[in-house]
Structure formats: structure tokens, C-alpha cells
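> Predicted model and sequence follow; I will ask about them next.
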Amino acid sequence: MSQETIVGETVVGVGTFLSEKHILKWVVQDFAALDQKPGESLELPPMRCHGHLWSLVLYPRGNADTEEDGGWVSVYLKLKQASKKVCPTGKMKAICNLSAGRETDC
């Protein structure tokens, strides 16, 4: 059985106008085998939350262009498309908590 590594889990939408909390979860299998070099990114498939389309941008070796792999990982939550119905101005504040870890069978 292959192990999966959770590279991003974020809570979106807790705030003044949207009190309902949503959890978006992206899973990357075999994280160590990703072949991106430092400074190269991988954008994970988008998900919809509160009408908006979000994706996770992952830099498996960090977003700095360095000669060495310093063991860094950079993760960014990206708003791909704002819902004009929910947010007519397109401006918003998202509160997110990112966490990473390994999923295991209990």
C-alpha cells in the first residue's frame, strides 16, 4: 500500500461575513519522488469553496532559486477565480491555516 503525504489542508471562510468553516484538502502521493527543482512549482487541482475557486501552489524544493536543496517546502493558497455573486468587488480577506503531514492507516 502506498503512503500519501498531505501537502495542504486549509480552513477558508471564518470571518465577519462568512462564519461557516470549510476544509480543503489536497493529497500528493509519493512527495519525495516529485522532480521539481528549487524555484519550480506544481499547482494542484482547484477546488471550490464559498463560491470561489482555489488552488494550492507547491514548491517541493522551496521557491528560492538556489544551488542546493535546503529541505524547504513553500506552499501558497491561490485564488483562481472569485465569485462575483459572493464578492462583487473581487476583494476579500481569506484566513487560512496550512498544515502538512503524512496520512497513516490506524
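Received it, and whenever you're ready, just let me know what you need. Residues are numbered from 1 along each chain as shown.
> Can you tell me the centre-most residue of this protein?
Leu56 (3.0 Å; CA atoms, centre = their mean).
> how many neighbours does Val57 have?
Counted with other CB atoms under 10 Å, the neighbours of Val57 add up to 15. C-beta here means a position set from N, CA and C on the backbone, and glycine is covered the same way.
> That one: what's it in contact with?
41-44, 75-78 (CB atoms under 8 Å, 6 or more residues apart in numbering).
> out of the residues you listed, which are buried?
The neighbour-count test (16 or more other CB atoms under 10 Å) marks 44, 75 as buried among these.
> Greatest separation within the contacts of Val57: which pair is it?
Across the contacts of Val57, the longest distance by CB to CB is 14.2 Å; it joins Leu42 and Leu77.
> Just grab the bridge partners of Tyr76 for me.
Counting by DSSP bridges, Tyr76 forms beta bridges with Val57.
> how much space between it and Gly101?
18 Å (CB to CB, to the nearest Å).
> Leu24 falls within a helix, correct?
No - counting by DSSP: H, G, I helix; E, B strand; the rest coil, Leu24 is not part of a helix but strand.
> ok, it touching Cys49?
Yes - here Leu24 reaches Cys49: they are 5.8 Å apart, a contact under CB atoms under 8 Å.
> quick revisit: which of the contacts of Val57 sits closest to Ala94?
Leu77 (6.9 Å).
> pretty sure that closest one is touching Cys96, no?
Yes - applying CB under 8 Å, one finds Leu77 in contact with Cys96, separated by 5.2 Å.
> So for stretch 81-94, first residue to last residue, what's the gap.
13 Å (CA to CA, to the nearest Å).
> Okay, buried residues for it please.
Quick answer for stretch 81-94 (16+ other CB under 10 Å): 82, 87, 92, 94.
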